[in-house]
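Participant: below are the sequence and a predicted model; questions follow.
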There are 2 protein chains.
Amino acid sequence: MSDHAADLPAAAAALSAEDRADLVNALKDKLQLLAGNHVDVLETLAPNVRKRVEVLRDLQGQHDELETKFIEERAQLEAKYQKLYEPLYTKRYEIVNGVVEVEGITNEPVPAEDPPCNSEKGVPNFWLTAMKANDILAEEITERDEGALKYLKDIKWCKIDNPKGFKLEFYFDSNPYFKNSLLTKTYHMIEDDEPILEKAIGTKIEWNPGKSLTEKILKKKPKKGSKNAKPIIKTEKCESFFNFFNPPQVPEDLDEDDDIDDDTVEELQNLLEHDYDLGSTIRDKIIPHAVSWFTGEAAESDFEEIGDEDADDGDGEEDEDDEEEVQSKRRSKGSTR
Amino acid sequence: MSDHAADLPAAAAALSAEDRADLVNALKDKLQLLAGNHVDVLETLAPNVRKRVEVLRDLQGQHDELETKFIEERAQLEAKYQKLYEPLYTKRYEIVNGVVEVEGITNEPVPAEDPPCNSEKGVPNFWLTAMKANDILAEEITERDEGALKYLKDIKWCKIDNPKGFKLEFYFDSNPYFKNSLLTKTYHMIEDDEPILEKAIGTKIEWNPGKSLTEKILKKKPKKGSKNAKPIIKTEKCESFFNFFNPPQVPEDLDEDDDIDDDTVEELQNLLEHDYDLGSTIRDKIIPHAVSWFTGEAAESDFEEIGDEDADDGDGEEDEDDEEEVQSKRRSKGSTR
């Protein structure tokens, strides 16, 4: 019987209390090996209570099976709608980038007063404008970045499965800044259902010489009379949206031996959260509603409930930030769980 | 035609560029009144670009219709599974509270060595034990609270629709601490799909005299020779899980006139986030998986991926907290949006 230690509760019912106690002690170690530490809790329970908990565990098992089905069905539903969105995103891409022309655009001679405008293909600066309309992203985009983000042709995302997570894809036209035509950012999650970020990985950007937006080049004249007459060149990291593709790294092993203080941990935690915030804003807000961000409609609807008529006054901006901060914004998974 | 200002782009296509410019200026104010500030952006666009954006807006409209259907279907799916879980929750309630007995429990004379255990009904301290197994909730539960939380018979939750949000229900057996048999906590959300907390409301607890767990009574002997010989009694707020039912309040109107400094705003923000964290932990983790929390299995699976064999050592606890903090835990809504 000791080979079937997991059967203990049912088998033990027929034994006297004394026998039971001996048996429990004899099998305790084995049980712990088999079923992990949670057996501790069950072991401390009176036999009748333990029997009830065994039935409860069975109920929990039935629940968890249903839950697994729910998660599958929800994933199917999400996939179904992603497929339905897809052709709309393709049309959007084609119009934005001038691959197709919309109806009603005449090929009349361009009027003298605005030749540069009417000769533009597609919708210039579409993605840059859309991203800049979102407060969280706008903070990341420097003036220097704008030059490069004008070449952004499309942003897409897809789920990944092994490991779980999602991937953002940024398609760029050939441009003077870097060689890559595709920059990606992948978020690996520990859990799929209640996402916990494991790590984020970005494409290494192949900057053209002297064109990096994530580094500033500092030139310093050599001291008079120094041997080397060349200026000293130093590079320094600087703020840029493109740092998004070089996300903060979680240390591989955080053992108790590691000497990391609380402040460092908190700082890293904040950096990771911010990085995830940017990624999920692009996935959940910018990609599905890019046109509304471009026109400014999406940004306004953020203030809908607050009903602040002056929301777009430059002067009021600080106050708005406060208003937003007071609300507890939380991303919540499927709201019925 | 000025009564149909919104039709401008299509109608204007037939006009010369000069006429168009005049018309645009004449109608600009009216357009802004009609359609809000986003018209600003469209106005700045070259006519051909604006036409393309109009088509893009139509595509966005098609997307948003699909998205509305998706949100509806997802809500239906969630509701379907909530119904499937319901009978399992009911059975759990009945076993936990001794309403029904499980099979295999004999009514033999209780053995002399453990009479108090076998005479227990149901599963004593079920919800208290389950909640204490979760790190976030454990921090809220003081030793004094445990006395009252032993009387917790069930926790349920439901969606609310007007306003959007959800309600947690805590059912209590009659107890020496307070008169209420049901304590609720309701979270009102500004948006349903990407939840932004508007406010949280809790039941006012009717404490029995001298039994409040959220206040401490301080007695102070009067000074010698003072007129009044009675001790001075002061009450002071104190830490307690039951403060959950008296959540932090968001100021009703946060106008620019209000003199709230950044630190106050940040503190309130943190309090609200923490309060929402507690509520969503109870909804998403404790209620659906209470048995696994009770047995300790749920708590262990939190560490599964970290694979720290010593996770349950008392000494290791601080290190574990650090490990957890380094991960960017974010609740994310439906992962396909």
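Facilitator: In hand now; what should we look at? Computed from a prediction, not measured in an experiment: that's the story for all the values here.
Participant: show me where the stretch 201-337 of chain A has its helices.
Facilitator: Applying DSSP state H, counting those that start in this stretch to the stretch 201-337 of chain A gives helices spanning A:262-281, A:290-295, A:297-301, A:317-326.
Participant: okay if I get those helices as JSON lines plus mean neighbour count?
Facilitator: C-betas here are computed from N, CA, C, even on glycine. Shown next, in JSON lines, are the helices of the stretch 201-337 of chain A (neighbours: other CB atoms under 10 Å in any protein chain shown):
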{"stretch": "helix A:262-281", "mean neighbour count": "17"}
{"stretch": "helix A:290-295", "mean neighbour count": "26"}
{"stretch": "helix A:297-301", "mean neighbour count": "18"}
{"stretch": "helix A:317-326", "mean neighbour count": "17"}
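Participant: so for residue B:42, which of those sits nearest?
Facilitator: helix A:290-295 (6.3 Å; CB to CB).
Participant: average pLDDT for that closest one, rounded please.
Facilitator: Averaging pLDDT along helix A:290-295 gives 96.
Participant: go on, stretch A:46-54?
Facilitator: pLDDT averaged over stretch A:46-54 gives 94.
Participant: extract the CA atoms of that stretch and return them as PDB.
Facilitator: Below are the C-alpha coordinates for stretch A:46-54, written out as PDB (Å, rounded to 0.1, in the frame of the first residue of the first chain):
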ATOM      1  CA  ALA A  46      -8.600  16.400  11.000                       C
ATOM      2  CA  PRO A  47      -9.400  13.300   8.900                       C
ATOM      3  CA  ASN A  48     -13.000  14.300   8.300                       C
ATOM      4  CA  VAL A  49     -12.000  17.800   7.200                       C
ATOM      5  CA  ARG A  50      -9.300  16.400   5.000                       C
ATOM      6  CA  LYS A  51     -12.000  14.200   3.300                       C
ATOM      7  CA  ARG A  52     -14.000  17.300   2.600                       C
ATOM      8  CA  VAL A  53     -11.000  19.100   1.200                       C
ATOM      9  CA  GLU A  54     -10.400  16.100  -1.100                       C
END
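Participant: right, is it up against chain B?
Facilitator: Yes - residues of stretch A:46-54 contacting chain B under CB under 8 Å from any CB of the partner chain: A:46, A:47, A:48, A:49, A:51, A:52, A:53, A:54.
Participant: and that stretch, what's buried?
Facilitator: A:47, A:48, A:49, A:50, A:51, A:52, A:53, A:54 (16 or more other CB atoms under 10 Å in any protein chain shown).
Participant: now these as TSV including secondary structure?
Facilitator: Formatted as TSV, these follow (DSSP: H, G, I helix; E, B strand; the rest coil):
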residue	secondary structure
A:47	helix
A:48	helix
A:49	helix
A:50	helix
A:51	helix
A:52	helix
A:53	helix
A:54	helix
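Participant: how about the helices in the stretch 1-150 of chain A?
Facilitator: A:8-12, A:17-35, A:39-43, A:47-96, A:115-118, A:126-132, A:135-138, A:143-149.
Participant: hang on, the earlier thing: reformat the helices of the stretch 201-337 of chain A as TSV; add distance to chain B.
Facilitator: Output for the helices of the stretch 201-337 of chain A, formatted as TSV (distance: least, CB to the nearest CB, whole Å):
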stretch	distance to chain B
helix A:262-281	4
helix A:290-295	4
helix A:297-301	5
helix A:317-326	4
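Participant: quick one: closest of these to residue B:143.
Facilitator: Per CB to CB, nearest to residue B:143 of the helices of the stretch 201-337 of chain A: helix A:262-281, 25.9 Å.
Participant: packing partners of the closest one?
Facilitator: Under the contact criterion of 3 or more CB pairs under 8 Å, 6 or more residues apart in numbering or on different chains; DSSP states H and E, helix A:262-281 touches helix A:135-138, strand A:182-189, strand A:196-202, helix B:317-326, strand B:328-329.
Participant: tally of neighbours for residue A:219?
Facilitator: 9 (other CB atoms under 10 Å in any protein chain shown).
Participant: skip the chain neighbours and tell me the closest residue to it.
Facilitator: Counting by CB to CB, 6 or more residues apart in numbering or on different chains, residue A:231 is the residue found nearest to residue A:219 once chain neighbours are left out, at 4.8 Å.
Participant: repeat for residue A:292
Facilitator: residue A:298 (3.8 Å).
Participant: so what's the one you found up against?
Facilitator: Shown in contact with residue A:298 (CB atoms under 8 Å, 6 or more residues apart in numbering or on different chains): A:133, A:134, A:285, A:289, A:292.
Participant: same question, residue A:173
Facilitator: A:151, A:152, A:153, A:181.
Participant: from residue B:171, how far out is the last one?
Facilitator: With distances defined as CB to CB, to the nearest Å, the gap from residue A:181 to residue B:171 amounts to 60 Å.
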